[in-house]
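below are the sequence and a predicted model; questions follow.
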Amino acid sequence: MTTLQQPAQPAQPAQPPADPAARPLAELEARDISAWFGQHKVLDRVSLVMPAGGITALIGPSGCGKSTFLRILNRMHELVPSAALAGEVLLDGTDLYDPARRLIDARRAVGMVFQKPNPFPAMSIRDNVLAGLRLTGTKAARADKDALVASCLTKAGLWNEVKDRLDDPGGGLSGGQQQRLCIARSLAIKPRVLLMDEPCSALDPTSTRVIEETMLELAREVTIVIVTHNMQQAARVSDQCAFFLASHGTPGVIVEHGDTTAMFGSPRDQRTSDYVNGRFG
Ligand SMILES: Nc1ncnc2c1ncn2[C@@H]1O[C@H](COP(=O)(O)OP(=O)(O)OP(=O)(O)O)[C@@H](O)[C@H]1O
């Protein structure tokens, strides 16, 4: 059993100062992405720039390929035996699929938070945050780990709720707290991009608002891409949106993308208008 020494100055400022050692924000770009499961083509030449430090929302009806596209952005698609893909994913201009780049480095650079909170339930809150370090073979001194736990939990908006019970199991937290713990775990390996696949769909409205506030804070230091079915959420948190559609069994494409306010207020395509106004999907 481990105990956390309280940091001399708990990192809980109202507006955390910019970290002088922070790296510049990263841009992610997908170029001409096509994807298949076996013979089934599910995405067709999808291109999208996800700007550095922005929050990009991927929206569209069920089955149009949003999650597949998201998983391609951190090389999880290739885990499916029948899966194939074409195209390029560039992180600040360098190819995420370059054979010279180790898979673990790609995953470290582009983290993922899933729909269902998935902390290690029997593992302590502290060790959940640090789990990614072990998985990626990153070594850190005890004092550094304590500071990292405090800072990641603070960034994930959970520090005040758990700082006095860091040795309690992660599985004992509420659903919303578990999701913020998973966000803290992702942040611990210092990703350049954070992918979030419907991160609030299993949560109540209050927890959802807390996660949304957390996302808006996090966008100061990590580029965020979120899949959401919740149009209000897309409007609340994202700077830009991409509307995916797979009509009549054809592969998914991006029908329209751009500034969120413009897409919701004056969409260019009638199908976007119908979708964001709840007329289908
Ligand atoms: N592991 C898989 N094996 C085979 N087909 C898959 C697999 N995962 C997804 N698909 C298929 O790929 C297509 C796109 O699915 P995907 O989950 O990416 O869509 P989505 O837009 O994220 O849907 P939802 O909003 O319901 O999550 C669907 O036709 C789906 O059935």
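Now that the structure is in, tell me what you want to look at.

isn't L70 up against L194?
No: when contacts are counted by Cβ atoms under 8 Å, L70 is not listed as touching L194 (11.0 Å). For the C-beta atoms, the positions are set from N, CA and C on the backbone; glycine is no exception.

what is in contact with those two at once?
112, 225 (Cβ atoms under 8 Å, 6 or more residues apart in numbering).

those two: which is more packed in?
When neighbours are counted by other Cβ atoms under 10 Å, L194 comes out ahead of the other of L70 and L194, with 24 against 21.

shouldn't that one be within a helix?
No: under DSSP: H, G, I helix; E, B strand; the rest coil, L194 falls outside any helix and is assigned strand.

per-residue pLDDT of it, please?
L194 is assigned 97 on the pLDDT scale.

so which residues on this protein come close to the ligand?
Counting by Cβ under 6 Å from any ligand atom, the chain comes close to the ligand at 37, 42, 60, 62-68, 80.

again, only using 5 Å
Residues of the chain lying close to the ligand (Cβ under 5 Å from any ligand atom) are 37, 42, 62-68, 80.

need the buried ones from those selected in PyMOL.
Buried residues among the residues of the chain next to the ligand (16 or more other Cβ atoms under 10 Å), as a PyMOL selection:
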select buried, resi 42+64+65+66+67+68
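
state the pair within the residues of the chain next to the ligand that is farthest apart.
Farthest apart among the residues of the chain next to the ligand by Cβ to Cβ are S62 and V80. That separation is 18.4 Å.

mind checking how far the residue nearest the centre of the chain is from L58?
Of all residues in the chain, the one closest to the mean position by Cα atoms, centre = their mean is L195, 2.2 Å from it. Counting by Cβ to Cβ, to the nearest Å, the gap from L195 to L58 is 10 Å.

which residues do the two both contact?
70, 225-226.

filter those residues down to the ones in helices?
L70 (DSSP state H).

turn the shared contacts of L195 and L58 into JSON lines, including pLDDT and distance to L25.
Formatted as JSON lines, the shared contacts of L195 and L58 follow (pLDDT from 0 to 100; distance: Cβ to Cβ, whole Å):
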{"residue": "L70", "pLDDT": "98", "distance to L25": "19"}
{"residue": "V225", "pLDDT": "98", "distance to L25": "13"}
{"residue": "I226", "pLDDT": "98", "distance to L25": "16"}
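
where exactly do the strands run in the stretch 51-200 of the chain?
Taking DSSP state E, counting those that start in this stretch as the test, the strands found in the stretch 51-200 of the chain are 55-59, 83-91, 94-95, 110-113, 193-197.

winner for burial among the ones you listed?
strand 55-59 (a mean of 27; mean count of other Cβ atoms under 10 Å).

so where is this structure shaky, pLDDT-wise?
Scanning the chain for pLDDT under 70 picks out the ranges 1-22.

let's see 80
1-23, 135-138, 281 (pLDDT under 80).

distance check, A147 against R180.
19 Å.

repeat that for G278.
29 Å.

and the two? Which one has more around it.
More crowded of G278 and R180, by other Cβ under 10 Å: R180, with 29 against 8.

for G281, grab the count of nearby residues.
16.

can you check A131 too?
17.

quick one: contacts for it?
A131 sits in contact with 120, 123, 185, 188, where contact means Cβ under 8 Å, 6+ apart.
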